[in-house]
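Enquirer: Return atomic coordinates for the entry below.
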Amino acid sequence: MTVEERRDPVELSEKRDELQTILQQHLRRLAASKHIHHAVAAVESMDGSYRWSGAEGIVDADGTPMTTDTPFWIASVTKLFIAAAILKLHEQGRVSIRQPMADCLPGSLIHGLHRLKGVDYTGRITLRHLLGHSSGLRDYIEIHRKGEKSLFDAILEDGDMSWSLKDIVGIVRDVNSPFFPPQPLDAKKRKVRYSDTNYQLLIAIIEEATGQPFHEVFGEMFYKPLGLRNTFHPGRAPVGVAVPAAAVWYKERALHIPQAMASFGDPFSTTGDLLTFMRALLRGEVFDDPATVNLMCAEWNRFGFSISPVGPGWPIEYGLGMLRMRAPRILTPFRPFPEFIGHTGATGSWLLYCPRLDVLLAGDVSQITAGPVPYQFVPGILRTMMTS
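Expert: Below you'll find the model as predicted:
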């Protein structure tokens, strides 16, 4: 992406007032959508010369107003942090993304995890497979043992619960239905299928490599150095966070599931903290070698069609902990929008970067049914910024 192809941030600053009004209108419409109880969003130019943020709606069923400083559960946006932590350990020689995960985790834990047509492929899965969703492992959140509910359904129907990595691996092993074998890493294009199982295994590898709980690793690698004072894990809110975190909703019901949130491993954060992290990540500032960030987006593989309630599918592409959205022109012949990279979450959270406009975007609606929302809302924001 050359400088000439990008929009000058000065143009955004010059039209600040007009653009602020339009962006707030976009956000207000989003917050008025069915089952959406609050919405928060922020846009910043990479150089920081242009900034906008807004919030609409209520934090919880008690009617507390949502603000731009309200922490929200970031869901799978966490994958950017997990991937960055693995790549940082890769730099330090504590792990290698080329090594089998079997070198990093106890055999008693992962044995027989990936069996397909009588062949056990577990030993062929590398950290790179996990990072890029090319392992073929099923998503533990969606699948279920015969006669049992999936974790996704159990949480929504039965309420709060907790689980361990051993539980996750047990479900995946017992169901025994991988999507495909671990893909050849030297292939030009590989099959990819989104699976939270991959990233739960990566969390365990981080803990094995460091000997620390991963929330402490994140604190030392990212939160403290970058000053992310409003980013914290469930049950571990720092003293300085005075604003209550936003509830996650399922349609019209506010969910209070602290055990499940802790088991997922995803932290709470704010748009301000997320944009600070994303800027540092893309600049390579979170790594010893700034070029390491290029591994996250050096190659892209497109997801197939999927009806998953928690993960993205076609036409989204995935690198290593980073996704890319480029809408095929046939789908948007009259209203094209520029591509963006980053990550989204099943609750309608997003942390993205648009190279053409050189802007960062973060936001959330905290609604279990709102996984597609970022792919509907963000293109509208980008079109507005292109034409304003």
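Enquirer: Please count neighbours and contacts with C-alpha atoms only from this point.
Expert: OK.
Enquirer: pull the helix or strand with minimum mean pLDDT from this protein.
Expert: In the chain, no helix or strand scores lower on mean pLDDT, DSSP states H and E than helix 9-14, which sits at a mean of 57.
Enquirer: got a list of contacts for the very next helix or strand once past it?
Expert: Moving toward the C-terminus from helix 9-14, the first helix or strand encountered (DSSP states H and E) is helix 16-31. The set of residues external to helix 16-31 that reach it, using Cα atoms under 8 Å, 6 or more residues apart in numbering, is 12, 36-41, 50, 52, 54-57, 365, 377, 380-381, 384-385, 388.
Enquirer: Distance of the residue lying farthest from the centre of the chain relative to residue 125?
Expert: Distance from the C-alpha centroid of the chain peaks at residue 118, with 33.5 Å (Cα atoms, centre = their mean). Residue 118 sits 16 Å away from residue 125, going by Cα to Cα, to the nearest Å.
Enquirer: Kindly report the same for residue 138.
Expert: The gap separating residue 138 from residue 125 is 13 Å, by Cα to Cα.
Enquirer: Any idea how many residues pack against residue 206?
Expert: 24 (other Cα atoms under 10 Å).
Enquirer: hang on, isn't it packed against residue 215?
Expert: No. Taking contacts as Cα atoms under 8 Å, residue 206 lies outside contact range of residue 215: 10.2 Å.
Enquirer: average pLDDT across stretch 61-79?
Expert: Average pLDDT, stretch 61-79: 96.
Enquirer: no no, stretch 232-247
Expert: Per-residue scores along stretch 232-247 average to 83.
Enquirer: low-confidence ranges in the protein?
Expert: The chain contains residues with pLDDT under 70 at 1-14, 239-242, 309, 328-335, 388.
Enquirer: Quick one: the strands in it, in order.
Expert: 38-45, 51-57, 72-73, 115-116, 119-120, 248-250, 253-255, 268-269, 301-302, 317-318, 323-325, 340-345, 349-354, 359-364 (DSSP state E).
Enquirer: Of all those, which one comes closest to residue 224?
Expert: Between residue 224 and the strands of the chain, the shortest separation by Cα to Cα is 13.6 Å, and it involves strand 268-269.
Enquirer: Residues contacting that closest one, please?
Expert: 71-74, 230-234, 245.
Enquirer: switch the cut-off to 6 Å
Expert: 71-74, 230-233 (Cα atoms under 6 Å, 6 or more residues apart in numbering).
Enquirer: My guess is residue 366 contacts residue 248. True?
Expert: Yes. Assessed by Cα atoms under 6 Å, residue 366 is found in contact with residue 248 at 4.7 Å.
Enquirer: Looking at those two, which one has more neighbours?
Expert: For residue 366 and residue 248, the more surrounded residue by other Cα under 10 Å is residue 366, and the numbers stand at 29 against 23.
Enquirer: what's the more buried one in contact with, if anything?
Expert: Residue 366 makes contact with 248, 347-348, according to Cα under 6 Å, 6+ apart.
Enquirer: which among the residues you listed gets closest to residue 277?
Expert: For the contacts of residue 366, the nearest to residue 277 is residue 348 (18.8 Å; Cα to Cα).
Enquirer: what's the neighbour count on that closest one?
Expert: 27.
Enquirer: Check residue 250 too.
Expert: Look at residue 250: counted by other Cα under 10 Å, it has 17 neighbours.
Enquirer: Repeat that for residue 167.
Expert: Residues contacting residue 167 under the criterion other Cα under 10 Å number 12.
Enquirer: residues touching it, list them.
Expert: With Cα under 6 Å, 6+ apart, residue 167 has no contacts at all.
Enquirer: same thing with residue 323?
Expert: If you count contacts by Cα under 6 Å, 6+ apart, residue 323 has them with 317, 341-343.
Enquirer: how about a cut-off of 8 Å?
Expert: Applying Cα under 8 Å, 6+ apart, the residues near residue 323 are 316-317, 341-343.
Enquirer: hey, what's it bridged with?
Expert: residue 318, residue 342 (DSSP bridges).
Enquirer: Tell me how far it lies from residue 339.
Expert: For residue 323 relative to residue 339 (Cα to Cα), the value is 11 Å.
Enquirer: Distance check, the residue sitting nearest the centre point of the chain against residue 385.
Expert: Closest residue to the average C-alpha location of the chain: residue 77 at 2.1 Å, with Cα atoms, centre = their mean. Residue 77 is 23 Å from residue 385, where distance means Cα to Cα.
Enquirer: And for residue 153?
Expert: Noted for residue 153: a distance of 39 Å to residue 385, by Cα to Cα.
Enquirer: got it, and residue 31?
Expert: From residue 31 to residue 385 the distance is 20 Å (Cα to Cα).
Enquirer: Residue 153 and residue 385 - which one has more neighbours?
Expert: Each of residue 153 and residue 385 has its neighbours counted (other Cα under 10 Å); residue 385 has more, 18 against 15.
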